[in-house]
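> make a model of this:
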Amino acid sequence: MPNISLLLADVDGTLVTEQKVLTPRAQAAVANLRDRGIRFAITSGRPPRGMEMLIEPLALDSPIAGFNGGVFVHPDMSVIETRSLAPDVTRTTIEIIEHHGMDAWLYTATDWLIHREDAPHVAREAWTVKFPAKVVAEYSAADLGHAVKIVGVSDDLALVAKCEADVAQALGDRASAKRSQPYYLDVTSPDANKGAVVDALLKYYRIPAEEIATIGDMPNDTLMFRRSGFSIAMGNASDEVKAQASAVTDSYNDEGFAKAVERFVLNGHRA
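Predicted structure coming up:
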């Protein structure tokens with residue numbers, strides 16, 4: 001177990017429960033990290049505004065990476081850096097997603113745009129991120145030019161997986177296409193992925209990669225696993241994700257995050 005200076009955590013499926021609850025034990029675990037001199041940071045496919053409710057209870061003081069690293073903000077929500085998609089990549093991505101019969105959401109640094117308010121997962125997402133989407137008949141040229149993330153949405157999980165492969169094949173290294181949930185395909189700039197989030201934090205804090213621990217549950221989290229010195233997969237992760245982590249903790253509904261901090265980070269840390 002390396003000496004850890006910073007823990008980087010995914011949010012949904014990891015830091016919060018299935019019901020999007022930050023438990024007291026999870027809060028206490030982060031406070032204990034701080035008491036031991038270990039920094040804590042979060043990254044998510046959520047927009048930065050969708051993580052604002054975590055700042056006060058966790059006393060966050062590190063950069064927050066929204067859109068899987070598409071936008072970095074300070075805890076006061078001021079923007080540090082934005083990594084947008086190229087307009088032609090945005091257009092191609094939306095065409096492929098809609099060709100598969102899936103809904104395509106478009107995010108800019110400040111707005112969440114959709115075509116149908118009654119589409120699958122819209123209501124749930126609005127409840128999760130605590131702000132509403134804007135309904136538009138079409139995505140304008142300005143929208144396409146300022147897109148930070150495109151999300152393909154469907155409850156046909158096999159279809160989402162196929163769409164992920166098709167988008168990746170069509171765009172190659174012009175975009176990062178990974179599922180943040182089984183029903184969400186996140187497409188961001190190639191410079192906006194969770195591996196790049198680790199790289200950004202390494203530069204920001206001037207620490208070596210072996211001193212960063214990461215924890216997550218989805219395939220897009222494996223990108224940060226590969227860049228960090230120690231990685232932890234949640235118990236609710238797939239076997240494929242677990243196989244790429246240094247260790248496995250319990251489920252997000254069984255205090256898996258807090259247990260991982262207690263067992264692997266605090267107990268393994270050398271003051």
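> need the longest helix for this structure.
Assignment by DSSP state H gives helix 157-171 as the longest helix of the chain.
> what distance separates stretch 88-97 from the middle of the whole chain?
Chain-centre distance of stretch 88-97: 21 Å, with C-alpha atoms, centre = their mean, to the nearest Å.
> now swap in stretch 120-128 and tell me
On C-alpha atoms, centre = their mean, the centre of stretch 120-128 falls 16 Å from the chain's centre.
> contact partners of that stretch?
Applying C-beta atoms under 8 Å, 6 or more residues apart in numbering, the external contacts of stretch 120-128 come out as 12, 20, 46, 50, 103, 112, 114, 116, 132-133, 153-155, 183-184. C-beta: built from backbone N, CA, C; applies to glycine.
> for that stretch, C-alpha coordinates in PDB please.
What follows is stretch 120-128, C-alpha atoms only, in PDB (Å, rounded to 0.1, in the frame of the first residue of the first chain):
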ATOM      1  CA  PRO A 120     -36.500   8.300 -19.600                       C
ATOM      2  CA  HIS A 121     -34.300   9.500 -16.700                       C
ATOM      3  CA  VAL A 122     -34.900  13.200 -17.100                       C
ATOM      4  CA  ALA A 123     -37.000  13.600 -14.000                       C
ATOM      5  CA  ARG A 124     -34.600  11.400 -12.000                       C
ATOM      6  CA  GLU A 125     -31.500  13.300 -13.300                       C
ATOM      7  CA  ALA A 126     -33.100  16.700 -12.400                       C
ATOM      8  CA  TRP A 127     -33.800  15.500  -8.900                       C
ATOM      9  CA  THR A 128     -30.200  14.200  -8.600                       C
END
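> mean confidence score for that stretch?
Taken as a whole, stretch 120-128 carries a mean pLDDT of 94.
> mind listing what's buried along that stretch?
Buried residues in stretch 120-128, counted by 16 or more other C-beta atoms under 10 Å: His121, Val122, Glu125, Ala126, Thr128.
> tabulate the residues you listed in a markdown table, adding columns for distance to Ala26 and secondary structure.
Converted to a markdown table, the buried residues of stretch 120-128 look like this (distance: C-beta to C-beta, whole Å; DSSP: H, G, I helix; E, B strand; the rest coil):
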| residue | distance to Ala26 | secondary structure |
| --- | --- | --- |
| His121 | 24 | coil |
| Val122 | 27 | helix |
| Glu125 | 22 | helix |
| Ala126 | 23 | helix |
| Thr128 | 16 | helix |
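> which one of these is nearest Ser251?
Distance to Ser251 across the buried residues of stretch 120-128 (C-beta to C-beta) is lowest for Thr128, with 18.7 Å.
> please tell me how far that closest one sits from Lys134.
Applying C-beta to C-beta, to the nearest Å, the value for Thr128 to Lys134 is 17 Å.
> likewise for Phe257?
Taken as C-beta to C-beta, the span from Phe257 to Lys134 is 32 Å.
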